[in-house]
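[1] I would like to see how this sequence folds:
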Amino acid sequence: KDNVTLIDYWAFSDCIGIETVTLGSSVKKIGNYAFSGCTSLESIDLGNVQELGSCIFWDCDLLESITIPESVTSIGESAFSGCTNLSTVHYLGTETMWDRLAENIDDGNDPLWNADIRCEGLSPGESEYLDEGTCGENTRWHLDVEGTVTVFGEGEVTQTPWKKHANTIIRKVVVESGVT
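    The predicted structure follows:
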């Protein structure tokens, strides 16, 4: 498993029963057409892959979301062609890194470009939270990108600074033990 570095050309093309793929951390390249025609493919974990070949997900129309690791340096021609339901791309690098990668994305990837691209990496000095701060003498809080407010620390909550987000993005609240 950890010795495989390449998923070769056409390796799993037209395997219509494949629903999920998980690549080991040693895989660095996915060859052309490797998963093309896998019409049941719903999710793929790309591990630490660096190169995505041409037409690798051709006609994988059940693929709605994909996470692209920051290790990816190139995406081949028409890699996502025919992925008609691709709506969300989670890129684990920064927006600056995505812009650099975008220069190495070949033609024919309209489903990729039409998706909601979310750069989830942190730039130097950037917080992983949308907002955060104190809410008591020994208690803190943060709001993540999924809309979860987490309250943590020891003691009483005496302020509710997250309320400014109440009508916009808060979807879930987690109060950790120790908060009274």
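
[2] Spatially central, which residue of this protein would that be?
    The residue lying closest to the centre of the chain (CA atoms, centre = their mean) is residue 90, at 2.7 Å.

[3] gap between that residue and residue 152?
    Distance of residue 90 to residue 152, given as CB to CB, to the nearest Å: 25 Å. (C-beta placed from N, C-alpha, C; glycine too.)

[4] For the residue nearest to the centre of the chain, what is the enclosing helix or strand?
    Per DSSP states H and E, residue 90 falls inside strand 88-91.

[5] what's the model's confidence in that strand, averaged?
    Strand 88-91 shows a mean pLDDT of 92.

[6] Select the longest helix from the protein.
    Across the chain, the longest stretch assigned as helix under DSSP state H is helix 95-102.

[7] Would you mind listing the buried residues in it?
    97, 98, 101 (16 or more other CB atoms under 10 Å).

[8] for the next helix or strand along the chain from that helix, which positions count as buried?
    Where DSSP H and E defines the elements, the next helix or strand beyond helix 95-102 is helix 110-114. Buried positions in helix 110-114, judged by neighbour count with 16+ other CB under 10 Å: 111, 112.

[9] Now tell me what touches helix 110-114 from outside.
    Here helix 110-114 makes contact (CB atoms under 8 Å, 6 or more residues apart in numbering) with 75, 79, 80, 81, 82, 83, 84, 86, 89, 105.

[10] next one: it to chain centre, how far?
    Remark: helix 110-114 is offset 15 Å from the chain centroid, using CA atoms, centre = their mean, to the nearest Å.

[11] just stretch 43-63 next, same as before
    13 Å.

[12] Quick check: mean pLDDT of that stretch?
    On average, stretch 43-63 scores 96.

[13] Span of it from start to end?
    Stretch 43-63 stretches 6 Å from its first residue to its last (CA to CA, to the nearest Å).

[14] Does residue 86 touch residue 63 like I think?
    Yes. The criterion here is CB atoms under 8 Å, and residue 86 meets it with residue 63 at 5.7 Å.

[15] And the strands in the protein?
    Along the chain, counting by DSSP state E, strands occupy 6-7, 20-22, 29-30, 43-45, 51-52, 65-68, 74-75, 88-91, 116-119, 131-134, 139-143, 148-153, 172-175.

[16] could you dump those to TSV with distance to residue 160?
    Converted to TSV, the strands of the chain look like this (distance: least, CB to CB, whole Å):
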stretch	distance to residue 160
strand 6-7	50
strand 20-22	41
strand 29-30	48
strand 43-45	37
strand 51-52	45
strand 65-68	33
strand 74-75	44
strand 88-91	30
strand 116-119	28
strand 131-134	11
strand 139-143	9
strand 148-153	10
strand 172-175	11
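
[17] To residue 163, which of these lies closest?
    strand 148-153 (9.8 Å; CB to CB).
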